[in-house]
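In: sequence below, structure please.
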Amino acid sequence: MASNDVFRVGITPDFGGQTFETVSRAIAEVLDPLPGIEHEIMRDTGGTAAPDVIDQYDAVIVFGYYFPKESFRGLKRLACLARWGVGYDRVDAGACTEADVLLALTPNSVRRPVAEGIFAFIFALAKNLQALDVRTRSGRWREDFHCNSICVQGRTLGSVGVGSIAGEMFRMARALGFGRLLGYDPYADPKRAADLGVELVDLATVMRESDFVAVNTFLSEETRGLVGARELALMKPTAYIINTARGPIIDERALVETLRAKRIAGAGIDVFEQEPPPKNHPLFALDNVIVAPHAVAWTEESMRDNSLDACRNVRAVYEGKAPETLANPKAAGRPGVQAKLAARRKA
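Out: Numbering: from 1, shown residues only. You can find the predicted model right below:
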């Protein structure tokens, strides 16, 4: 590190509005009481981090900035990226590790809000709320009404991914009376899945046998396009798909074609291949889709807790410790990282 006297924290300039307010309050609560610490909004470099900018700091609190491999070239000072959230597809995690930079996430802050967001979609779709709202606003009551709503009790809930968020979703699903829980995740712990009451099966089984399919996996080269035309074709015509993870995990063109042809009952989509999506996005013209602006899990609690946990991750590095919630845990044992943390312990 360039100096043991002052611990400098950068904040990516894309925090704005309510997110900036909540992170500012968290900084005041968690970081401001610490001696020898400074923080500032870092210079805007057009959405992609520049090494000469981020290496002015010991830690950077990150919202949606991109950190490709080039961002990590020649870094000497930076010890930690504290991501506000859990998705890190905009950060080259391998390059981050090679540059001796810890990548910390805030999983405890999003687990319940995202799971609740999934069920918000499930119930809105199952109860046909969008169509009922339109009917009522147009002055039509129950005349010529055809009921096509369903109950979730006894239904099958499947998940693509069986990680932290899916675990919370499955715990809630058991309390709601879902009859069968299916999960596809080649890296899942079988014991943990069994404890959750989840049957680990292949992807085809999840798609074919679920009444509701929720996408709960990280975006990576392995998961990009994981749910395509072939997988969607396996779904029941009465089934629904919900994506609150990342847009490119589902082949969007195939999804549009499937929904347009009504080969499945509907979808709840919070994330898109391109964000923000174009105003004429074909999903917006379909009446069997409910959409949200990658914010269905944004609650007062999640915004507060994401901000607090990101700041706590920064504080851990300030104290010479590796945060517990790392996307690149192997980085913590690297000599360069250990040297940075040791320097903080001596400060």
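In: so where's the protein uncertain?
Out: Applying pLDDT under 70 to the chain picks out residues 1-4.
In: tell me the domain ranges of it?
Out: According to automatic domain parsing, the chain comprises the domains 7-105+299-346, 111-291.
In: distance from the chain centre to the longest one, please.
Out: What it means is domain 111-291. On the basis of Cα atoms, centre = their mean, to the nearest Å, domain 111-291 sits 15 Å off its chain's mean C-alpha point.
In: what does the first one give?
Out: Offset of domain 7-105+299-346 from its chain centre (Cα atoms, centre = their mean): 17 Å.
In: can you give me the helices in this structure?
Out: 17-26, 51-54, 93-98, 107-126, 129-137, 164-176, 190-196, 203-209, 229-233, 252-260, 300-318, 335-346 (DSSP state H).
In: ok, which of these comes nearest Leu283?
Out: Within those, the stretch nearest Leu283 is helix 252-260; the backing value is 6.1 Å (Cβ to Cβ). C-betas here are computed from N, CA, C, even on glycine.
In: quick check: buried residues in the closest one?
Out: By neighbour count on 16 or more other Cβ atoms under 10 Å, the buried set for helix 252-260 is 252, 254-256, 258-259.
In: could those residues go into CSV alongside distance to Ala327?
Out: Listed next are the buried residues of helix 252-260 as CSV, based on distance: Cβ to Cβ, whole Å:
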residue, distance to Ala327
Glu252, 26
Ala254, 29
Leu255, 28
Val256, 32
Thr258, 32
Leu259, 33
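In: of all those residues, which comes closest to Ile11?
Out: For these, the nearest to Ile11 is Glu252 (32.1 Å; Cβ to Cβ).
In: and the nearest residue to the closest one once chain neighbours are set aside, how many neighbours?
Out: Of all residues not flanking Glu252 in the chain, Glu273 sits nearest, at 4.8 Å (Cβ to Cβ, 6 or more residues apart in numbering). As a burial measure, Glu273 scores 17 neighbours (other Cβ atoms under 10 Å).
In: wait, isn't Glu273 in contact with Ala254?
Out: No - using Cβ atoms under 8 Å, Glu273 makes no contact with Ala254, being 11.4 Å away.
In: hey, what's in contact with both of the two?
Out: When contacts are counted by Cβ atoms under 8 Å, 6 or more residues apart in numbering, the set common to Glu273 and Ala254 is empty.
In: what's the closest of the buried residues of helix 252-260 to Leu203?
Out: Set against Leu203, the nearest of the buried residues of helix 252-260 by Cβ to Cβ is Ala254 (14.6 Å).
In: skipping its backbone neighbours, what lies nearest that closest one in space?
Out: Among residues not flanking Ala254 along the chain, Ala229 sits closest, at 3.9 Å (Cβ to Cβ, 6+ apart).
In: list the contacts of that neighbour.
Out: Taking Cβ under 8 Å, 6+ apart, we find Ala229 in contact with 251, 254, 257-258.
In: show residues contacting stretch 26-36.
Out: Residues from elsewhere that reach stretch 26-36 (Cβ under 8 Å, 6+ apart): 5-7, 9, 11, 37, 39, 304, 307-308, 310-312, 314-315, 318, 347.
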